[in-house]
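Engineer: Pasted the sequence and its predicted model underneath.
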Amino acid sequence: MLVLRPDDIDYVEAYGDYVRLRVGTETHLLRGTLTDMERKLEAQGFVRIHRSRLVNWQRVREFIADREHDPVVTLKSGVKLEASPAYLKALQRRL
């Protein structure tokens with residue numbers, strides 16, 4: 001059994017019937033849905049940036065959105081995550 005604190009998680013991705021938790025360079029699979037993870041992690045500062053992705057807002061360095069490209073969230077680690085225009089308003093509220 002691996003114990004992770006929400007603060008340790010960079011982002012969460014849907015992966016079939018599982019979710020992938022990204023913790024630094026490590027990946028951990030957990031059976032469940034992204035919606036369930038969103039409910040559990042929302043109070044800890046996680047926000048949905050795509051239909052298949054949640055991000056720990058404390059790990060975000062930059063958010064870029066322009067009319068010519070899909071929004072991109074860059075983490076402090078340098079990882080770039082594609083965001084969705086459908087979730088743009090929630091991201092902007094966090095700013």
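Structural biologist: Yep, that arrived. From a predicted model like this one, the values you see are computed outputs, not experimental measurements.
Engineer: got the residue ranges for the strands in this structure?
Structural biologist: Assigned strands in the chain, in chain order: 11-15, 18-23, 26-31, 46-50, 53-56, 60-66, 69-75, 80-82 (criterion: DSSP state E).
Engineer: what's next to the third one, contact-wise?
Structural biologist: Identification of contacts with strand 26-31 by Cβ atoms under 8 Å, 6 or more residues apart in numbering yields Leu2, Leu4, Tyr15, Asp17, Tyr18, Val19, Arg20, Leu21, Met37. Glycine gets a C-beta too; all of them are placed from N, C-alpha and C.
Engineer: Determine the number of other residues adjacent to the first one.
Structural biologist: Residues within reach of Leu2, counting by other Cβ atoms under 10 Å, total 8.
Engineer: If you drop the residues flanking it in sequence, what lies closest to the residue most central in space within the chain?
Structural biologist: Here the mean C-alpha position of the chain is nearest to the C-alpha of Val55 (Cα atoms, centre = their mean), at a distance of 2.0 Å. Spatially, and ignoring its direct neighbours in sequence, Val55 is nearest to Tyr11 (4.5 Å; Cβ to Cβ, 6 or more residues apart in numbering).
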